[in-house]
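Asker: Provided below are the primary sequence and the corresponding predicted coordinates.
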Amino acid sequence: MIKINNVSKNFGTLEVLKNISLTVNAGEVVVIIGPSGSGKSTLLRTINGLEEINSGMVTVDGINVHESKDSLYQVRQLTGMVFQQFNLFNHKNVLNNISMGPIHVQGKKKEEAEVIAAQLLKKVGLPEKSAAYPSRLSGGQQQRVAIARALAMHPKVMLFDEPTSALDPEMIAEVLEVMKGLAQDGMTMVVVTHEMGFAREVANRVIFMDDGKILEEADPKEFFAHPKNDRAKQFLSKVL
Ligand code: ADP
Ligand code: MG
């Protein structure tokens with residue numbers, strides 16, 4: 001579903017991604033971990049073309065992401081992204097936040113889009129919040145709405161960039177639970193997170209990044225029990 005081939009990326013003279021290759025199969029959940037500044041967000045953002053690349057190639061569902069405006073547009077239709085900051089539209093209620101993409105981008109009828117939005121709200125455990133404005137919701141609820149909004153576009157791939165990092169501890173579990181449900185439904189997911197429990201339990205593969213490189217790629221059980229790379233060992237000793 002996702003192929004990253006020998007991708008390098010600079011910001012000015014800073015080399016942020018150094019010849020990265022990674023394949024994610026349909027239905028797979030890949031968790032990316034690593035220290036701050038190691039290039040995790042940048043790598044994730046190359047997948048849906050939020051970042052240009054300097055060399056290499058990224059394809060999503062066979063489409064070359066960085067080939068043209070048209071390919072970029074197609075890939076954006078296929079990928080949903082959830083950020084640390086929920087990025088909801090604060091002047092729109094929850095139902096409108098979720099239905100606006102299908103209406104304005106996909107040309108769905110308002111009624112149809114709102115039926116789907118209501119179903120998705122149920123799926124993320126917030127059936128009673130359709131008329132609420134984001135400011136009235138907790139962080140965990142806002143993030144679940146953000147996930148529903150991404151799902152409303154029927155993506156084939158979901159990208160998560162530290163979706164629980166801005167949340168109070170008691171709200172982290174409710175968001176991870178929704179993500180786990182998505183994984184069980186067979187969604188292809190790439191997740192940057194510091195939630196090692198989620199990685200261990202839900203991921204099919206864990207990727208450890210440091211300094212713009214993938215230093216280890218492993219089965220989560222194996223990785224957490226016996227990390228091979230020294231920097232991965234060091235990192236785990238600090239976060240576990
Ligand atoms: P991570 O998500 O692992 O913390 P990032 O991908 O955000 O890492 O950043 C990797 C490196 O690229 C860091 O050194 C960061 O400062 C730098 N960087 C990220 N975005 C930009 C940008 N838009 N312009 C310049 N440097 C950037
Ligand atoms: Mg980041």
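Answerer: That came through fine. Ligands and ions are numbered 1, 2, ... in the order given.

Asker: CA atoms for contacts and neighbours, from now on please.
Answerer: Noted.

Asker: from the chain's centroid, how far away is stretch 81-92?
Answerer: In terms of CA atoms, centre = their mean, to the nearest Å, the centre of stretch 81-92 is set 13 Å apart from its chain centre.

Asker: typed the wrong thing, it's stretch 44-52
Answerer: 11 Å.

Asker: contact residues of the chain facing ligand 1?
Answerer: 11, 16, 36-42 (CA under 6 Å from any ligand atom).

Asker: quick check: buried residues in stretch 164-180?
Answerer: Neighbour-count burial for stretch 164-180 flags 164, 166-167, 171-172, 174-176, 178-180 (criterion: 16 or more other CA atoms under 10 Å).

Asker: neighbour-wise, which one of the residues of the chain next to ligand 1 leads?
Answerer: Lys40 (28 neighbours; other CA atoms under 10 Å).

Asker: let me have the buried residues of stretch 164-180 in a markdown table, adding secondary structure and pLDDT as columns.
Answerer: Formatted as a markdown table, the buried residues of stretch 164-180 follow (DSSP: H, G, I helix; E, B strand; the rest coil; pLDDT from 0 to 100):
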| residue | secondary structure | pLDDT |
| --- | --- | --- |
| Thr164 | coil | 98 |
| Ala166 | coil | 96 |
| Leu167 | coil | 96 |
| Met171 | helix | 96 |
| Ile172 | helix | 97 |
| Glu174 | helix | 97 |
| Val175 | helix | 98 |
| Leu176 | helix | 98 |
| Val178 | helix | 98 |
| Met179 | helix | 98 |
| Lys180 | helix | 98 |
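
Asker: report the two of the residues you listed separated the most.
Answerer: Ala166 and Lys180 (18.7 Å; CA to CA).

Asker: buried sites along the helix or strand harbouring Phe208?
Answerer: In this assignment (DSSP states H and E), Phe208 forms part of strand 205-210. Within strand 205-210, the residues that count as buried by 16+ other CA under 10 Å are 205-210.

Asker: for the record, mean pLDDT for that strand?
Answerer: The pLDDT scores in strand 205-210 average 98.

Asker: which strands or helices does it pack on?
Answerer: The contact analysis (3 or more CA pairs under 8 Å, 6 or more residues apart in numbering; DSSP states H and E) places strand 205-210 against strand 29-33, strand 213-218, helix 220-225.

Asker: the first one pairs with which strands, parallel or anti?
Answerer: Strands flanking strand 29-33 in the sheet, each with its direction: strand 188-192 (parallel), strand 205-210 (parallel) (DSSP bridges).

Asker: which one is Tyr133 nearest to, not counting chain neighbours?
Answerer: Asn93 (4.4 Å; CA to CA, 6 or more residues apart in numbering).

Asker: my guess is the one you found contacts Ala131. True?
Answerer: Yes. Asn93 lies in contact with Ala131 (CA atoms under 8 Å); the separation is 5.5 Å.

Asker: next, the buried residues of the helix or strand that contains Val75.
Answerer: Here Val75, judged by DSSP H and E, is contained in helix 69-78. Using 16+ other CA under 10 Å as the test for burial, helix 69-78 gives 71-72, 74-78.

Asker: in TSV, list the residues you listed along with distance to Ile214 and pLDDT.
Answerer: Formatted as TSV, the buried residues of helix 69-78 follow (distance: CA to CA, whole Å; pLDDT from 0 to 100):
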residue	distance to Ile214	pLDDT
Ser71	26	97
Leu72	25	97
Gln74	27	96
Val75	24	97
Arg76	25	95
Gln77	27	94
Leu78	25	96
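
Asker: follow-up on the earlier one: who has more neighbours out of Asn93 and Ala131?
Answerer: Counted by other CA under 10 Å, Asn93 and Ala131 do not tie: Asn93 has more neighbours, with 18 against 11.

Asker: count the residues that sit near Leu151.
Answerer: 21.

Asker: mind checking the SS state of the closest residue to it other than its chain neighbours?
Answerer: Sequence neighbours aside, Gly80 is the residue nearest to Leu151 in space, at 6.7 Å (criterion: CA to CA, 6+ apart). Under DSSP: H, G, I helix; E, B strand; the rest coil, Gly80 falls in the strand class.
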